[in-house]
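> below are the sequence and a predicted model for it; my questions follow.
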Amino acid sequence: MGWKPDASSIKEPVYKVFGLNISSELAFLDMPKKTGTADVVVRCGRTPDSLSAPKLKGVRYEVGPGEFLLRVDGVARYYVTKGDTIIIEREPGAAQEEILLFFMGSVMGAVLHQRNILPLHAGAVSVDRRAVLFAGPSSIGKSTLAAGFQKQGYPLLADDVCAVTADGNNGVKVIPGFPRLKLWADALKKLESEKTGLRQVRLDPDFKKYFVHFDHQEAQPTPLRSVFALQSTNTDQFELEELSGKERIEPILNHTYRIRFLQGLENKQVHFRQCSSVAAHARVFRVTRPQKGFRLQELMDLVRRHW
């Protein structure tokens, strides 16, 4: 593999994401840099063809203790080790936006898992300086819901990947993520927002999803207040149920970001303790919305009445 940087010894301009100082050769689009000591180093270079002893193999990825390899055809290969080093091997012609899309998702998810920081598949806003999470599967409306509340003045903390610290001593807190939403064109229309000038996340002109920048109004870890787990149904009704007892942990476990990675990382026990701590510190709700027609204002009103 050649030279491998020691993240702890590098002092240079860094990006601040998930509470981590990231020194990166990959530009994070319009994010500003700050001066600091790097926790994570991102470099461009050669990646291995495969891991020497993976514990888990997927179509695009391999995972082993302290190692993660992601292959995205036509975009890049990403090699993550020990939660502090990321090597990116870029494919010819790949756009910066495409490389960043997978970096912000699976790659940073692997970094968080390796560092024993709980990543949830959720968006988050701050309500009276406490974090409210919207968790759920892809395309359920997490980002649109978070963006809707941001438009009404609630500071946005995270989109899609939400990093949570749950160490038992300092309670449970949400760490602000990338200051960037990823929204489909129809979501922008619902939010009455223009897509003019926004960068598409993929080169494919039919993939109408865009990066939307926002400013972190609250850059410090924010204590967790509540979790709303979203799902859909074929009925025309909204339903909301506050969970109690052992039921509270199920949405936290089920909506852990890239939960399959844990099989290769071999840190399931740590993950379960983290999820238990989240469930113990937050109110947890199951929210069911109609599958047809995303009635954003009704969903926002329902959530706001209970957070």
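Thanks, I have it.

> correct me if wrong: Glu298 contacts Glu239.
No. Checked against CB atoms under 8 Å, the pair Glu298 and Glu239 is beyond contact range at 12.0 Å. (Glycine included, C-beta is placed from N, CA and C.)

> show me where the stretch 151-300 of the chain has its helices.
Assigned by DSSP state H, counting those that start in this stretch, the helices in the stretch 151-300 of the chain fall at 185-190, 249-254, 261-265, 268-281, 296-304.

> can I get these in JSON lines including mean neighbour count?
Converted to JSON lines, the helices of the stretch 151-300 of the chain look like this (neighbours: other CB atoms under 10 Å):
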{"stretch": "helix 185-190", "mean neighbour count": "16"}
{"stretch": "helix 249-254", "mean neighbour count": "19"}
{"stretch": "helix 261-265", "mean neighbour count": "20"}
{"stretch": "helix 268-281", "mean neighbour count": "18"}
{"stretch": "helix 296-304", "mean neighbour count": "16"}
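
> quick one: closest of the ones you listed to Arg43.
The closest of those to Arg43 is helix 261-265. By CB to CB, the value is 21.9 Å.

> state the mean pLDDT of the closest one.
Model confidence over helix 261-265, given as mean pLDDT, is 92.

> show me what Ala124 bridges to in the sheet.
Beta-bridge pairing for Ala124 (DSSP bridges): Leu133, Ala158.

> report the contact partners of it.
Ala124 makes contact with 131-134, 146, 156-158, 162, 174, 222, according to CB atoms under 8 Å, 6 or more residues apart in numbering.

> in its sheet, what does the top strand by length along the chain sit against?
If you go by DSSP state E, the chain has its longest strand at strand 222-233. Strand pairing for strand 222-233, determined by DSSP bridges: strand 130-135 (parallel), strand 172-175 (antiparallel), strand 283-290 (parallel).

> related to what we said a few turns ago, distance to Tyr78 and neighbour count added to the contacts of Ala124, as a markdown table?
Shown next, in a markdown table, are the contacts of Ala124 (distance: CB to CB, whole Å; neighbours: other CB atoms under 10 Å):
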| residue | distance to Tyr78 | neighbour count |
| --- | --- | --- |
| Ala131 | 28 | 28 |
| Val132 | 31 | 28 |
| Leu133 | 26 | 31 |
| Phe134 | 27 | 30 |
| Ala146 | 26 | 27 |
| Leu156 | 26 | 26 |
| Leu157 | 25 | 28 |
| Ala158 | 21 | 30 |
| Cys162 | 21 | 30 |
| Val174 | 25 | 28 |
| Thr222 | 29 | 22 |
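
> quick check: of those, which lies closest to Asp215?
For the contacts of Ala124, the nearest to Asp215 is Leu156 (8.9 Å; CB to CB).

> which non-adjacent residue is nearest the closest one?
Gln150 (4.3 Å; CB to CB, 6 or more residues apart in numbering).

> A helix includes the one you found, no?
Yes. Under DSSP: H, G, I helix; E, B strand; the rest coil, Gln150 falls within a helix.

> what's the local residue count around it?
21 (other CB atoms under 10 Å).

> ends of stretch 93-113, how far apart?
End-to-end distance for stretch 93-113, by CA to CA, to the nearest Å: 30 Å.

> revised request: answer the last question for stretch 15-31.
Counting by CA to CA, you get 7 Å between the two ends of stretch 15-31.

> same question, stretch 106-125
Stretch 106-125: ends 22 Å apart by CA to CA.

> give me the buried positions along it.
For stretch 106-125, a neighbour-count test (16 or more other CB atoms under 10 Å) marks 106-125 as buried.

> need the contact list for Gly148.
Per CB under 8 Å, 6+ apart, neighbours of Gly148: 190-191, 296-297, 300.

> which of the residues you listed sits closest to Ile88?
Distances from Ile88 to the contacts of Gly148, taken by CB to CB, are shortest for Leu191, at 32.1 Å.

> thought that closest one was touching Thr144?
Yes. Using CB under 8 Å, Leu191 makes contact with Thr144 at a distance of 7.0 Å.

> overlap in contacts, these two.
Counting by CB under 8 Å, 6+ apart, the residues touching both Leu191 and Thr144 are 183, 296.

> more neighbours, those two?
Using other CB under 10 Å as the criterion, Leu191 and Thr144 rank with Thr144 on top: 23 against 17.

> A strand includes that one, no?
No. Under three-state DSSP, Thr144 sits outside any strand and is assigned helix.

> for it, give its distance to Glu192.
12 Å (CB to CB, to the nearest Å).

> break this structure down into its domains, please.
7-95, 118-304 (automatic domain parsing).

> for those, which one sits closest to Phe102?
domain 7-95 (5.3 Å).

> ok, now which ones touch the residue nearest to Leu156?
Gln150 sits next to 125, 156, 214 when contact means CB under 8 Å, 6+ apart.
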